[in-house]
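Q: Give me a 3D structure for the following:
(one chain, ligands or ions: 1)
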Amino acid sequence: MERIERPDLSSQDDNFDDNAEELRPARFDIPLPDPLDAPPADGRAGFVALIGAPNAGKSTLINQLVGTKVSIVTHKVQTTRAIIRGISMHGKSQIVFVDTPGIFKPKRRLDRAMVDTAWGGARDADLIALLIDARKGIDEEVEAIAERLSKLTTPRVLILNKIDLVKREKLLDLAQKANALLAFDETFMLSALNGDGAENTLDYFARSVPEGPWLFPEDQPSDLPLRVLAAEITREKLFERLHQELPYISTVETERWESRKDGSARIEQTIYVERDSQKSIVLGKRGQTIKAISQAAREELSDIIEAPVHLFLFVKVRENWADDPERYREMGLEFPS
Ligand SMILES: Nc1nc2c(ncn2[C@@H]2O[C@H](COP(=O)(O)OP(=O)(O)OP(=O)(O)O)[C@@H](O)[C@H]2O)c(=O)[nH]1
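A: Numbering: from 1, shown residues only. Predicted coordinates for the structure are as follows:
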């Protein structure tokens, strides 16, 4: 099996070296997870799986409930590849969210892996929340999800999202129709974007997760390793700039993350594409495109870790990466049979 080549830092001919001289002075240390605090005797903790059609707003809702950016959000569908958890502390409860890739009809192997991962996350959770885009309502995709959900015994609630875009009568009608399709323990209506209704939903999750010790340190917004989050951020910037030319065919991996004594982080990432022509698109004329991607990703990462970041981006062609089992493991997905 092909191993990941380490980027060759001595030759920068077709790679972009983010300008190390531009460093800001070190002010902070890289935050490390604190040791697990003793939870209260009557604490609660559990997993809530958000499931729904692509673009229903799962990532936006997790970010709203957790209050920190943990899952990438773009206007494009199917951007969430790995299961990403956000953790919300609410009263004495710790709620761990599983952000599942949008459920859709799988064609390629990668698509099948995403769907399998989504359902695996749902089955293992303490509670499943089905998110429906209230503006779109119930379509074939939602019906297919409901059908599959009906076979699981996990408790489930319905969340109608994007209420900022829909009239109240339509919402009530939709709630009724959805519950006729499949009975839910509760129905919530909210706007993941502006937070309206989110607090009620969070209260319910907090009451519903099982009694027991907390699963993660109290102040850790995500158990997602920083290097995966870093790769997601770069992929988001890539999508923002190149979604016309490179719809879904690139992946980003963080190859190295080095915390330096001065508090800064040196991060090396590789953007994998499937063809040489795509590599030229990512690099852009005289490296302009990758430079812009790198700068945007570096700024966001630096904000998140509250420390200067030196980001080195490399672009590599790897044909058929979407059929390589190793890539799946790195994305936290099962390789489908
Ligand atoms: N107006 C409005 N837009 C929303 C709301 N929630 C999400 N959106 C938008 O809907 C789009 C999709 O949101 P995401 O959170 O990426 O959706 P997702 O379900 O995680 O999508 P996948 O990753 O494809 O599964 C984005 O453009 C969001 O800004 C909402 O409550 N109101």
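
Q: Now do W214 against Q94, distance only.
A: As judged by Cβ to Cβ, to the nearest Å, W214 and Q94 stand 4 Å apart. No exception for glycine: its C-beta is placed from N, CA and C like everyone else's.

Q: Check the burial of the closest residue in space to R135 that isn't next to it in sequence by counting its neighbours.
A: Excluding its sequence neighbours, the residue lying closest to R135 (Cβ to Cβ, 6 or more residues apart in numbering) is L165, at 4.7 Å. Neighbour count for L165, taken as other Cβ atoms under 10 Å: 13.

Q: Please tell me how far L165 sits from S259.
A: 43 Å.

Q: ditto for E268
A: From E268 to S259 the distance is 13 Å (Cβ to Cβ).

Q: same check, this time on R275
A: The gap separating R275 from S259 is 35 Å, by Cβ to Cβ.

Q: more crowded one of these two?
A: The residue with more neighbours, out of R275 and S259, is S259; 16 against 12, by other Cβ under 10 Å.

Q: What residues are bridge-paired with that one?
A: A265 (DSSP bridges).

Q: wait, doesn't it sit right on A265?
A: Yes: with contact defined as Cβ atoms under 8 Å, S259 and A265 form a contacting pair (5.6 Å).

Q: Of W214 and Q94, which one has the most company?
A: Q94 (24 against 20).

Q: Quick check: neighbours of the helix or strand containing that one in the sheet, parallel or antiparallel?
A: Using DSSP states H and E, Q94 maps to strand 93-99. As defined by DSSP bridges, the strand partners of strand 93-99 come to strand 44-52 (parallel), strand 84-90 (antiparallel).

Q: Contacts for whatever helix or strand L202 lives in, please.
A: L202 belongs to helix 198-208 when elements are defined using DSSP H and E. Residues outside helix 198-208 that contact it (Cβ atoms under 8 Å, 6 or more residues apart in numbering): 44, 46, 48, 61, 64-65, 88, 90-91, 93, 95, 126-127, 129, 155, 157, 159, 186, 188, 190-192.

Q: Now that we have the residues you listed, which of them are buried?
A: 44, 46, 48, 61, 64-65, 88, 90, 93, 95, 126-127, 129, 157, 159, 188, 190-192 (16 or more other Cβ atoms under 10 Å).

Q: want to throw the strands paired with strand 93-99 into CSV with mean pLDDT and distance to the ligand?
A: Formatted as CSV, the strands paired with strand 93-99 follow (pLDDT from 0 to 100; distance: least, Cβ to the nearest ligand atom, whole Å):
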stretch, mean pLDDT, distance to the ligand
strand 44-52, 89, 6
strand 84-90, 75, 10
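
Q: Dump these to JSON lines, plus distance to G197.
A: As requested, the strands paired with strand 93-99 are exported to JSON lines (distance: least, Cβ to Cβ, whole Å):
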{"stretch": "strand 44-52", "distance to G197": "15"}
{"stretch": "strand 84-90", "distance to G197": "15"}
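
Q: Select, out of these, the one closest to E245.
A: strand 84-90 (25.8 Å; Cβ to Cβ).

Q: export that closest one as CSV, just CAs?
A: Written as CSV, here are the backbone C-alpha positions of strand 84-90 (Å, rounded to 0.1, in the frame of the first residue of the first chain):
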residue,chain,number,x,y,z
ILE,A,84,-16.7,15.1,14.1
ARG,A,85,-17.8,15.6,17.6
GLY,A,86,-18.6,18.8,19.4
ILE,A,87,-19.1,18.8,23.1
SER,A,88,-21.6,21.0,24.9
MET,A,89,-21.6,21.5,28.7
HIS,A,90,-25.1,22.3,29.8
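
Q: doesn't W214 fall inside a helix?
A: No: counting by DSSP: H, G, I helix; E, B strand; the rest coil, W214 falls outside a helix, being coil.

Q: and the gap between it and N194?
A: 29 Å.

Q: For the helix holding L202, buried residues please.
A: A198, T201, L202, Y204, F205, A206, S208.

Q: Take the residues you listed and write them to a markdown table, including distance to N320 and pLDDT.
A: Formatted as a markdown table, these follow (distance: Cβ to Cβ, whole Å; pLDDT from 0 to 100):
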| residue | distance to N320 | pLDDT |
| --- | --- | --- |
| A198 | 41 | 95 |
| T201 | 42 | 96 |
| L202 | 42 | 95 |
| Y204 | 44 | 97 |
| F205 | 41 | 97 |
| A206 | 45 | 95 |
| S208 | 43 | 95 |
